[in-house]
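Engineer: sequence and computational prediction follow.
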Amino acid sequence: MSVSTKMKELRQKLRENQYKLTPQRQMVLQAFLDHPNRHLSAEDVYSIVRDQSPDIGLATVYRSLELLSEMNLLQKIDFGDGRSRYEVAESGATHHHHHLICLDCGQVKEYDDDLLEGLEASISRKHRFTIVDHEVKFYGYCSQCQAKRDHEG
Ligand SMILES: [Zn+2]
Ligand SMILES: [Zn+2]
Ligand SMILES: [Zn+2]
C-alpha cells in the first residue's frame, strides 16, 4: 500500500472517530511508512520523530501509538522481550505475515509462506471451531548469531 493511500486512510479514520490529524500523529505514522520492514518500539519512533520535531515528548508518542492501534492502522506486537512493537496494519489483507525472532540480537524477520491452512482445517473440523486468524512466532538464532555461536562453541 502506498504512503499517500495510508495517510488518506488515517485521515479518514480519524475523522470518522472525531479525532484530528495532528502533526504529531501524522509524524508517528510517517515514521512507520518510512521504515516499512521494521517493527518499531515507542522509543524507536521517538528517536525518529525527534529529529524532525525536537520538542515532541515520549508521552505524546505513546498516546499516538495507542490511538493508531485502536484505529487499526497500526498493529501492536509483543515479541516477548518486554517491549511492545508496532507495525503498519495490513488493512483488508486476508493473511498477516509471520515473524522469526532472534534471541541473541533481537532482529525480527518476516515471512509469508504459510503451511497452516491444512492444520487450521483439521483443527476446525475436530473442535467445531471456526478459525479466522492465527499468529505464529518462531524464536531462534539468525544466521549471523548462529555463526557466532558455532564459533564460540
Ligand atoms: Zn541474531
Ligand atoms: Zn511484521
Ligand atoms: Zn499464517
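Structural biologist: In hand now; what should we look at? None of the values given here were measured: they were computed from a predicted structure. Ligands and ions are numbered 1, 2, ... in the order given.
Engineer: can you list the domains in the protein?
Structural biologist: 1-93, 94-152 (the TED database).
Engineer: and these, which is most packed in?
Structural biologist: When those are scored by mean count of other C-beta atoms under 10 Å, the highest mean neighbour count falls to domain 1-93 (a mean of 15). Every residue, glycine included, has its C-beta placed from N, CA and C.
Engineer: chain center to that one: distance?
Structural biologist: The chain centroid and the centroid of domain 1-93 are separated by 10 Å, computed with C-alpha atoms, centre = their mean, to the nearest Å.
Engineer: can you tell me the average pLDDT over it?
Structural biologist: Domain 1-93 comes out with an average pLDDT of 87.
Engineer: number the residues from 7 up from this point.
Structural biologist: In the new count, where the first residue is 7, that last one comes out as domain 7-99.
Engineer: and this protein, which of its residues are near ligand 1?
Structural biologist: By C-beta under 5 Å from the ion, the residues of the chain that approach ligand 1 are 108, 110-111, 113, 148, 151.
Engineer: for these, point out the one with the lowest pLDDT.
Structural biologist: For those, the least confident entry is Gln113, with 88.
Engineer: ok, it to Ala95 distance?
Structural biologist: Noted for Gln113: a distance of 22 Å to Ala95, by C-beta to C-beta, to the nearest Å.
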